[in-house]
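# sequence and predicted structure, then a few things I'm wondering about:
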Amino acid sequence: MPQFCLFDTAIGACALVWQGDVLIGAQLPEAEAEGARRRLLRRFPGAEDAPAPPFVAAAIADIRGLLAGENRDLSHLPIALDDASPFERRVYEVALSIPPGETLTYGDVARRLGEPGAARAVGVALGRNPVPIIVPCHRVLAAGGRTGGFSAEGGVETKLRLLTIERARTDAVPGLFDALPLAARPRRASA
């Protein structure tokens, strides 16, 4: 039976779901703990609220640190991706290789998979990510530094907030406004 634990972070209530000694789900920050609980239980019906065992407590400390602006790499955390397709697992492996503060595009991920035409499929796979924040789908952007989609509460705003916390660059070429947080940068004119 899956178990879960809600916890507060600098930017909202999160949750982790585990079964045995691996994490099987994560809930990105929500404004209210009860909202996080409801969303989590829709994804994991029957999961039971439980005290965090040591490996989950360590994961919580790492996530809290990352969301407080510390340079934390979460790729070492034990995750199970049993319900993911082989393609999705490959996408998640590439996403796990993106360090905090860096980004790739959906097309970059597709090229790293040896499937340069699969950018849209990469986006679909990331939308199904069962352990967001651990598998850092927020670090994958659309071409040209555009955000692309994000299925967490708050949508793209949450994605931008996570990238701002990590001080991520969204373009390979430094710009005049790169020192500003993402949310404060001027919008680029559409071509």
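Good, I have the coordinates.
# for the chain, give me the ranges with low pLDDT.
The model of the chain has pLDDT under 70 over residues 149-154, 170-191.
# neighbours of Ala57, how many?
Residues contacting Ala57 under the criterion other Cβ atoms under 10 Å number 14. No exception for glycine: its C-beta is placed from N, CA and C like everyone else's.
# now do the buried residues in the strand or helix carrying it.
When elements are assigned from DSSP states H and E, Ala57 belongs to helix 54-67. Residues of helix 54-67 classed as buried under the neighbour-count rule (16 or more other Cβ atoms under 10 Å) are 56, 59-60, 62-64, 66-67.
# can you tell me which helices and strands the helix or strand following it packs against?
Note on helix 54-67: by DSSP H and E, the next helix or strand toward the C-terminus is helix 86-96. Where contact means 3 or more Cβ pairs under 8 Å, 6 or more residues apart in numbering; DSSP states H and E, helix 86-96 is packed against helix 106-112, helix 119-127.
# relative to Arg146, which of these is closest?
The stretch from the helices and strands packed on helix 86-96 with the least distance to Arg146 (Cβ to Cβ) is helix 106-112; that distance is 10.1 Å.
# run through who's touching that closest one.
With Cβ atoms under 8 Å, 6 or more residues apart in numbering as the test, helix 106-112 has contacts from 91, 94-95, 104, 116-123, 126, 140-143, 148.
# Gly155 is nearest to which of the helices and strands packed on helix 86-96?
With respect to Gly155, and counting by Cβ to Cβ, the nearest of the helices and strands packed on helix 86-96 is helix 119-127 at 11.6 Å.
# picking that back up, just checking, what packs against the helix holding Ala57?
For helix 54-67, the helices and strands in contact under the criterion 3+ Cβ pairs under 8 Å, 6+ apart are strand 3-9, strand 12-19, strand 22-30, helix 156-165.
# one more pass at 6 Å, please.
For helix 54-67, the packing partners by 3 or more Cβ pairs under 6 Å, 6 or more residues apart in numbering; DSSP states H and E come out as strand 3-9, strand 12-19.
# one step back: can you put the buried residues of helix 54-67 in a markdown table and add distance to His76?
Listed next are the buried residues of helix 54-67 as a markdown table, based on distance: Cβ to Cβ, whole Å:
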| residue | distance to His76 |
| --- | --- |
| Val56 | 14 |
| Ala59 | 9 |
| Ile60 | 14 |
| Asp62 | 8 |
| Ile63 | 12 |
| Arg64 | 16 |
| Leu66 | 13 |
| Leu67 | 17 |
